[in-house]
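Asker: Structure for the following, please:
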Amino acid sequence: METEADQSALERARNGDLGAYNELVLRYQGRIFAKVFSLLRNRQDAEEITQDTFIRAHRVLASFRGTATFSTWIHQIGTNLARNRYWYWRRRKRDQSMSLDADLGEDPGATLHDILSDGSQGPGHEAEHNEFVTKVAECMEQLKPEHARILTMRNIRNQSYEEIAEELDLSIGTVKSRINRAREALRQLMGDEFRE
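Answerer: The predicted model follows:
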């Protein structure tokens, strides 16, 4: 249920009070970011989408009819923008970029980025990160189909060794061995400059 504070800030914001709109932004930006991040698993994209959500909402605030609460409405805008971003990347075969921050199954906290890099590239190195993401996507396409498939199952779909073994009709030992070979092939394709 919408709070009185929300209703008051919303009414003032619809009448052009930017301070009132900023109150709503401060109240909801954490929740919107958490929702968007849970969908995209990419901090930079989630930050951009969160910002875009409030910009988009402000532009159409006058047309907000109030048939839903502001909370529901702003969450729907954020969710739609996040889904659009996800499908934008999928259509361009860049879904590998979504996996860089995803846990690698039973190895909590380990990511594909950790496998290929020791993490010395900090979050402020946007250009290097984008280059890395592009290189991973290109190299995944160059892998043997069976290597690309098993890495996709493990690192993108986040399937367990047991699930992969069952789907491919292999033993767990064979699955682990193939994943290790696939990772090594990917490292080789990535080249020395991406191992630093």
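Asker: where are the low-confidence patches of the protein?
Answerer: Within the chain, the ranges that satisfy pLDDT under 70 run 1-2, 88-134, 155-158, 192-196.
Asker: Now Leu170: which helix or strand?
Answerer: Counting by DSSP states H and E, Leu170 is held by no secondary-structure element, helix or strand.
Asker: how close does it get to Arg149?
Answerer: With distances taken as C-beta to C-beta, to the nearest Å, Leu170 is found 12 Å from Arg149. For the C-beta atoms, the positions are set from N, CA and C on the backbone; glycine is no exception.
Asker: now swap in Asn180 and tell me
Answerer: To Arg149, Asn180 is 15 Å away according to C-beta to C-beta.
Asker: Specify which residue of these two has the higher count of neighbours.
Answerer: Legend: neighbour count by other C-beta atoms under 10 Å for Asn180 and Arg149, higher for Arg149 (16 against 10).
Asker: if we look at stretch 12-20, which residues are touching it?
Answerer: 8-11, 21, 24, 58, 61-62, 64 (C-beta atoms under 8 Å, 6 or more residues apart in numbering).
Asker: For those, give me CSV that also has distance to Trp87 and secondary structure.
Answerer: Formatted as CSV, those follow (distance: C-beta to C-beta, whole Å; DSSP: H, G, I helix; E, B strand; the rest coil):
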residue, distance to Trp87, secondary structure
Ser8, 37, helix
Ala9, 33, helix
Leu10, 30, helix
Glu11, 35, helix
Tyr21, 29, helix
Leu24, 28, helix
His58, 24, helix
Leu61, 26, helix
Ala62, 29, helix
Phe64, 25, coil
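Asker: ok, so of those, who is nearest Asp45?
Answerer: Closest to Asp45 out of the contacts of stretch 12-20 is His58 (20.5 Å), distances taken as C-beta to C-beta.
Asker: nearest residue to that closest one other than its sequence neighbours?
Answerer: Tyr21 (6.0 Å; C-beta to C-beta, 6 or more residues apart in numbering).
Asker: Based on its surroundings, how many neighbours for that neighbour?
Answerer: For Tyr21, using other C-beta under 10 Å, the count is 19.
Asker: That one contacts Phe64, correct?
Answerer: No: assessed by C-beta atoms under 8 Å, Tyr21 is found out of contact with Phe64, at 11.6 Å.
Asker: How is this structure divided into domains?
Answerer: Following automatic domain parsing, one gets these domains for the chain: 4-91, 95-194.
Asker: Ser71: neighbour count?
Answerer: Ser71, neighbours per other C-beta under 10 Å, totals 17.
Asker: wait, it sits on Tyr28?
Answerer: Yes: Ser71 lies in contact with Tyr28 (C-beta under 8 Å); the separation is 6.8 Å.
Asker: for whatever helix or strand Ala13 lives in, which positions count as buried?
Answerer: Assigning secondary structure by DSSP H and E places Ala13 in helix 4-14. Buried residues in helix 4-14, counted by 16 or more other C-beta atoms under 10 Å: 6, 9-10, 12-13.
Asker: Mind picking the two most distant members of those residues?
Answerer: Asp6 and Arg12 (11.0 Å).
Asker: Perfect, I'm done here.
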